[in-house]
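**Q** I would like to see how this sequence folds:
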Amino acid sequence: MKRRRSASGRTRLGEVGEDALIASLLGGLPVPRRVIAGAGDDCAIVESQGKKNLLVLKTDCVVEKIHFAPASDPIHVGWKAMMRTLSDFAAISAVPQFALITLIVPAIRSTSWVKKLYRGLRRAASRFDVGIVGGETSATRGPSVISVSVSGFVEKGRWISRGGGKNGDDLFVTGRLGGSLRGKHLQFIPRIEESRWLTKNFRVHAMMDLSDGLGADLPRLAKASKLGFKINKKSLPLARGAKIDNAISDGEDYELLFAISPRDRKRLQRDWHEEFPRLRLTRIGSLNRKSKIENPKLRSGYVHFQ
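**A** Numbering: from 1, shown residues only. Predicted structure coming up:
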């Protein structure tokens, strides 16, 4: 397909898409020796002064009219802004510790809106013992933007990337999918506790959080692992009122998607039920060698700039 060009003759972001844009930007970034995992995974991981742990860094944002509606409860907006970033810590099985908040809002916003926003930020941070230690504020003529940067740690040898999946691995997801229909995207809890339990008790090969939808995120995990995938759409765990297309395409479920050896399947399912009896765990398919037949075309989830 021929890409359209703007009046200046340059390719528009809408014709490129988020993944291609990020890939083009990463190619020019230098990678210092102390970087263990850089841009392109759920978090950046770098060497720290200690011998036991690695430093974990992540930033994320929510944008009005993209991630929340103007009429949304600002307490829920603050909660989401913090938890989005913490969900990426869950994706690599890391522990968050400190947060910086960048608040960009128009002058017409009321002080009460901002105070409620920070109430939501503080509630979310305290849920995982994260300290808000600073940040920045700025006015804007556009929509409100809240950016949250978090630092923390993960033990050496315990962090999980998207790219460690192996041929034949089982694919599992936590919870139910398609829940953003009923407002889950504003009130979810990141699966940090579950992620830490997984990496303590099992050898997880690859993992990420489902923020853009299974249709966008599963192909990313498979591509990072240099594999294809096969799923049973009928096995997808659906949220109340959701259909299969919602589970695949709506995004903002913030559940874990991970790959693990089929040898661990029975023990995982048994121990999970004992440890987290109220949270569903579902095998949805497997990773395999790439082929046109075994790597199905999924309806895509949410992709920025498209």
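**Q** Break down the protein into its strands, ranges please.
**A** All strands of the chain, identified by DSSP state E, fall at 35-37, 44-47, 53-63, 95-105, 131-139, 145-155, 170-174, 204-209, 228-231, 256-260, 281-288.
**Q** Please dump those into JSON lines; it should also carry mean pLDDT for every row.
**A** As requested, the strands of the chain are exported to JSON lines (pLDDT from 0 to 100):
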{"stretch": "strand 35-37", "mean pLDDT": "69"}
{"stretch": "strand 44-47", "mean pLDDT": "83"}
{"stretch": "strand 53-63", "mean pLDDT": "94"}
{"stretch": "strand 95-105", "mean pLDDT": "97"}
{"stretch": "strand 131-139", "mean pLDDT": "95"}
{"stretch": "strand 145-155", "mean pLDDT": "97"}
{"stretch": "strand 170-174", "mean pLDDT": "98"}
{"stretch": "strand 204-209", "mean pLDDT": "98"}
{"stretch": "strand 228-231", "mean pLDDT": "94"}
{"stretch": "strand 256-260", "mean pLDDT": "98"}
{"stretch": "strand 281-288", "mean pLDDT": "97"}
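**Q** Could you export those strands as JSON lines, including distance to residue 269 and mean neighbour count?
**A** For glycine as for every other residue, the C-beta is placed from the backbone atoms N, C-alpha and C. Compiled in JSON lines, the strands of the chain are given as follows (distance: least, Cβ to Cβ, whole Å; neighbours: other Cβ atoms under 10 Å):
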{"stretch": "strand 35-37", "distance to residue 269": "29", "mean neighbour count": "16"}
{"stretch": "strand 44-47", "distance to residue 269": "29", "mean neighbour count": "18"}
{"stretch": "strand 53-63", "distance to residue 269": "29", "mean neighbour count": "20"}
{"stretch": "strand 95-105", "distance to residue 269": "26", "mean neighbour count": "19"}
{"stretch": "strand 131-139", "distance to residue 269": "36", "mean neighbour count": "12"}
{"stretch": "strand 145-155", "distance to residue 269": "26", "mean neighbour count": "21"}
{"stretch": "strand 170-174", "distance to residue 269": "9", "mean neighbour count": "23"}
{"stretch": "strand 204-209", "distance to residue 269": "14", "mean neighbour count": "24"}
{"stretch": "strand 228-231", "distance to residue 269": "18", "mean neighbour count": "20"}
{"stretch": "strand 256-260", "distance to residue 269": "11", "mean neighbour count": "26"}
{"stretch": "strand 281-288", "distance to residue 269": "7", "mean neighbour count": "20"}
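**Q** export the ones you listed to CSV and tack on distance to residue 118?
**A** Formatted as CSV, those follow (distance: least, Cβ to Cβ, whole Å):
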stretch, distance to residue 118
strand 35-37, 31
strand 44-47, 26
strand 53-63, 14
strand 95-105, 8
strand 131-139, 8
strand 145-155, 10
strand 170-174, 29
strand 204-209, 24
strand 228-231, 40
strand 256-260, 28
strand 281-288, 35
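**Q** For residue 120, find the nearest of the ones you listed.
**A** strand 145-155 (9.7 Å; Cβ to Cβ).
**Q** Quick check: residue 186 touching residue 75?
**A** No: between residue 186 and residue 75 there is no contact under Cβ atoms under 8 Å: 9.3 Å.
**Q** just to revisit the earlier point, which stretch among the strands of the chain comes nearest residue 249?
**A** strand 228-231 (13.7 Å).
**Q** Run the chain-centre distance for that closest one.
**A** 20 Å (Cα atoms, centre = their mean, to the nearest Å).
**Q** same deal with stretch 116-130?
**A** Taking mean C-alpha positions (Cα atoms, centre = their mean), stretch 116-130 and its chain are 19 Å apart.
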